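J.: with the input below, show me the fold.
(chains A and B)
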Amino acid sequence: MHALKVTRAEDFPEWYQAIVREADLAELSPTRGCMIIKPWGYGIWERIQGELDRRIKASGHDNYYFPLLIPMSFIAKEAEHVDGFAKEMAVVTHHRLKAVDGVLKPDPEAELAEPFIIRPTSETIIGDAFSRWIKSYRDLPLKLNQWANVMRWEMRTRMFLRTAEFLWQEGHTAHVDRADAMDETMLALEIYRSFAEDYLAMPVMVGEKPENERFPGADCTYSIEAMMQDGKALQAGTSHYLGTHFAEAQNIRYQDKEGGLALAHTTSWGVSTRLIGGVIMTHGDDDGLRTPPAIAPRQVVIVPMLRGKPEDAEVSAYCQELAKELSALSAFGAEVRAFVDTKDMKGAEKRWDWVRRGAPIICEIGPRDAANGQVSFIKRIALREGEKVKTHMLERGAFIGAVASMLEETQTALFQEAKMRLDANIRDDITTFADLERYYGTDDEGGEFKGWARASWSRPTGAALDKVGEQLKSLKLTIRNAPLIQPASHAPCIFTGAPGVEQILIARAY
RNA sequence: CGGGGUGUAGCUCAGCCUGGUAGAGCAUUAGCUUUGGGAGCUAAGGGUCGCGAGUUCGAAUCCCGCCGCCCCGACCA
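T.: Predicted coordinates:
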């Protein structure tokens, strides 16, 4: 009997929906494709924001804020960029409503001369500012970041993974030349890799996207890719070197040391609330989420087991005192987040609510614990022994002394578990397209776990690459990226048999 | 936008084929019992059966149209 009604093995998409709802992460709003993010989900996002913001600032970036609405003409400036985003844009055309026959409608008299689009990303409006701010080589590099909401009118949405509105961070930088901009692109990518692995306990493969998967308007795109528990890949972060495309389109020029006029080289990079979807599908189990302690809004939850009897007062006081002592500890370089759940409901139900949310340590304190100075607790990472919930017990001082290391060990163990899954499920033995067909082409609906393939290719371009894309699409596969770490020599290309030039990761993707 | 499924109480669903007073479990509220851990009994509240038009004496049920949601595609962080 698990805490969720559906198990991962029975129906992974249903399980995902169940965990989002049951762990109090988010729910669908009346606004099409948009989420209401609830406290446990938003609390995780706040932890993500806090730590990532610290790392972004520490690496020399400042925060700015640009408008939600972008003049429509701006988006038209970079041709590839328009093609990439035009189909999914929300447009603001009026500035007033009017009741016509009792029905509110945009007032025809109030149509805007130039419509606005709701930002799907901010390259164009930030580029416009860059063109005014950047005059001299002394103004470079310009490294900024913004935390914002963006909107893309997606045809099909999935909670956290693809919603019409989502929250993200977008870095935008300008540099004197390609080398400096590439250093920045790789710096952002490394921030994402280390953040995903250290803070989200989510191991990733870092690499360059093939030409057909690039961001619209980019010279090259890099990504971090994580493996979900159904074997699919999730693009968890991207970093783009934009070359001089946006600089040309928006006239971002500077006077160099020699007095000549040069185009700036720009970058952009972002991660979004999608990371939370990645955390769910990396660490969730059939009892709910197992929130990595570093990002858990509450790390130690204390549930008083009250009975409506006189000794309740002592139990409550004991719990409060325990929380106070735990809050004085530190883990992951910050105060331990301890919480006493005083809500007036049955203790057993509160326990299961916290199990589903994935609080790392859940203490259940009854009269006997209070009287004997001990702590009964469960560890969310290893909730059960067989079918039964495993309860641990420690003397109070011993428990307090062990909490910080338990949290840190939990973080490490979650990472190790996910890392082993990733490493064990990347196949290196696929050397021809026929191998790929054999592995991915059969028994699609059985729900059998299929991981990724690492194979050599000759990096075709243009029409040849399109053909490769079609071949892969027939197996519902995509090229995720070409890992940065490459072997010294390469086997023949699995698509063409030509000499291989690099290894790529092939997978089904979200 | 294509293919499939589905819309009935806060949630999960039955009832629909074969038209005849709106159902269950969970949740909520109240009372009693229980108390080392997802309790039991009793009672109560809660629904224009997705929306609109039609057939009929009578529609949750049959017919037509529309809409939402879920899954699989196309598109994408």
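J.: now do the SS call for whichever residue of chain A sits closest to RNA strand B.
T.: RNA strand B sits closest to A:Arg368 of chain A, with a gap of 1.9 Å, by CB to the nearest atom of the strand. (Glycine included, C-beta is placed from N, CA and C.) What DSSP: H, G, I helix; E, B strand; the rest coil gives for A:Arg368 is helix.
J.: give me every residue that touches it.
T.: A:Gln374 (CB atoms under 8 Å, 6 or more residues apart in numbering).
J.: same question for the one 10 residues further on.
T.: For A:Ile378, the set of contacting residues under the criterion of CB under 8 Å, 6+ apart consists of A:Arg351, A:Val355, A:Ile361, A:Ile362, A:Glu364, A:Val389, A:Lys390, A:Thr391, A:His392.
J.: and the fifth one, how many residues sit next to it?
T.: The one in question is A:Glu364. 21 (other CB atoms under 10 Å).
J.: relative to the one helix or strand it maps to, what are the paired strands and their orientations?
T.: Element membership of A:Glu364, judged by DSSP states H and E, is strand A:361-365. Taking DSSP bridges as the criterion, strand A:361-365 sits next to strand A:300-304 (parallel), strand A:374-379 (antiparallel) in its sheet.
J.: does RNA strand B sit close to the following helix or strand past the last one?
T.: Proceeding C-terminally, strand A:374-379 gives way to strand A:384-385 as the next helix or strand, assigned by DSSP H and E. No - legend: contact between strand A:384-385 and RNA strand B by CB under 7 Å from any atom of the strand is lacking; minimum distance shown is 9.9 Å.
J.: and the helix or strand bottoming out on mean pLDDT in chain A, what's buried?
T.: Least confident helix or strand, chain A: strand A:103-106 with a mean of 76, by mean pLDDT, DSSP states H and E. Within strand A:103-106, the residues scored as buried using 16 or more other CB atoms under 10 Å are A:Pro106.
J.: with stretch A:34-52 instead?
T.: A:34-35, A:37, A:40-45, A:47-48, A:51-52.
J.: contacts for it, please.
T.: A:20, A:23-29, A:147, A:159-160, A:163-165, A:167, A:169, A:191, A:195, A:199-200, A:271, A:273, A:275-276, A:279, A:291, A:294-298, A:357.
J.: find the centremost residue of chain A, please.
T.: A:Leu275 (1.4 Å; CA atoms, centre = their mean).
J.: wasn't that one part of a helix?
T.: Yes - assessed with three-state DSSP, A:Leu275 lies in a helix.
J.: for the stretch 201-350 of chain A, which residues are neighbours of RNA strand B?
T.: Residues of the stretch 201-350 of chain A lying near RNA strand B (CB under 7 Å from any atom of the strand): A:215, A:223, A:235, A:238, A:270, A:272-274, A:287, A:305, A:307-309, A:345-349.
J.: now, the residues you listed that are in strands?
T.: A:Ser223, A:Gln235, A:Thr238, A:Gly270, A:Ser272 (DSSP state E).
J.: would you mind giving those residues as TSV with pLDDT and neighbour count added?
T.: Shown next, in TSV, are those (pLDDT from 0 to 100; neighbours: other CB atoms under 10 Å):
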residue	pLDDT	neighbour count
A:Ser223	96	24
A:Gln235	94	21
A:Thr238	95	23
A:Gly270	96	23
A:Ser272	95	23
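J.: tell me the one among the residues you listed nearest to A:Arg380.
T.: Closest approach between those and A:Arg380, by CB to CB: A:Ser272, at 25.7 Å.
J.: show me where the stretch 101-250 of chain A has its strands.
T.: If DSSP state E, counting those that start in this stretch is used as the criterion, the strands of the stretch 101-250 of chain A fall at A:103-106, A:111-118, A:142-151, A:165-175, A:204-208, A:220-227, A:233-241.
J.: and those strands, which one averages the lowest pLDDT?
T.: Set side by side, the strands of the stretch 101-250 of chain A give their lowest mean pLDDT on strand A:103-106, at a mean of 76.
J.: ok, and what's touching that one?
T.: A:Thr93, A:His94, A:Arg96, A:Leu97, A:Lys98, A:Ala99.
J.: can we see that at 7 Å?
T.: A:Thr93, A:His94, A:Leu97, A:Lys98 (CB atoms under 7 Å, 6 or more residues apart in numbering).
J.: ok, now stretch A:498-510?
T.: A:161, A:205, A:207, A:225, A:231-235, A:436, A:452-459, A:472, A:476-483, A:486-487, A:490-493.
J.: likewise for stretch A:413-427?
T.: A:197, A:201-203, A:227, A:231, A:282-283, A:290, A:292, A:381, A:451-454.
J.: mind saving the C-alpha coords of it as PDB?
T.: Extracted C-alpha coordinates of stretch A:413-427, given in PDB (Å, rounded to 0.1, in the frame of the first residue of the first chain):
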ATOM      1  CA  ALA A 413      22.700   9.300  -1.400                       C
ATOM      2  CA  LEU A 414      20.000  10.800  -3.700                       C
ATOM      3  CA  PHE A 415      22.700  11.900  -6.100                       C
ATOM      4  CA  GLN A 416      24.500   8.600  -6.000                       C
ATOM      5  CA  GLU A 417      21.300   6.700  -6.700                       C
ATOM      6  CA  ALA A 418      20.400   8.900  -9.700                       C
ATOM      7  CA  LYS A 419      24.000   8.900 -10.900                       C
ATOM      8  CA  MET A 420      24.100   5.100 -10.900                       C
ATOM      9  CA  ARG A 421      20.900   5.000 -12.900                       C
ATOM     10  CA  LEU A 422      22.300   7.400 -15.400                       C
ATOM     11  CA  ASP A 423      25.600   5.600 -15.800                       C
ATOM     12  CA  ALA A 424      24.000   2.200 -15.900                       C
ATOM     13  CA  ASN A 425      21.500   3.100 -18.600                       C
ATOM     14  CA  ILE A 426      23.700   4.700 -21.300                       C
ATOM     15  CA  ARG A 427      24.400   2.000 -23.800                       C
END
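J.: buried residues in it?
T.: Result for stretch A:413-427 [16+ other CB under 10 Å]: buried residues A:Leu414, A:Phe415, A:Glu417, A:Ala418, A:Lys419, A:Arg421, A:Leu422, A:Ile426, A:Arg427.
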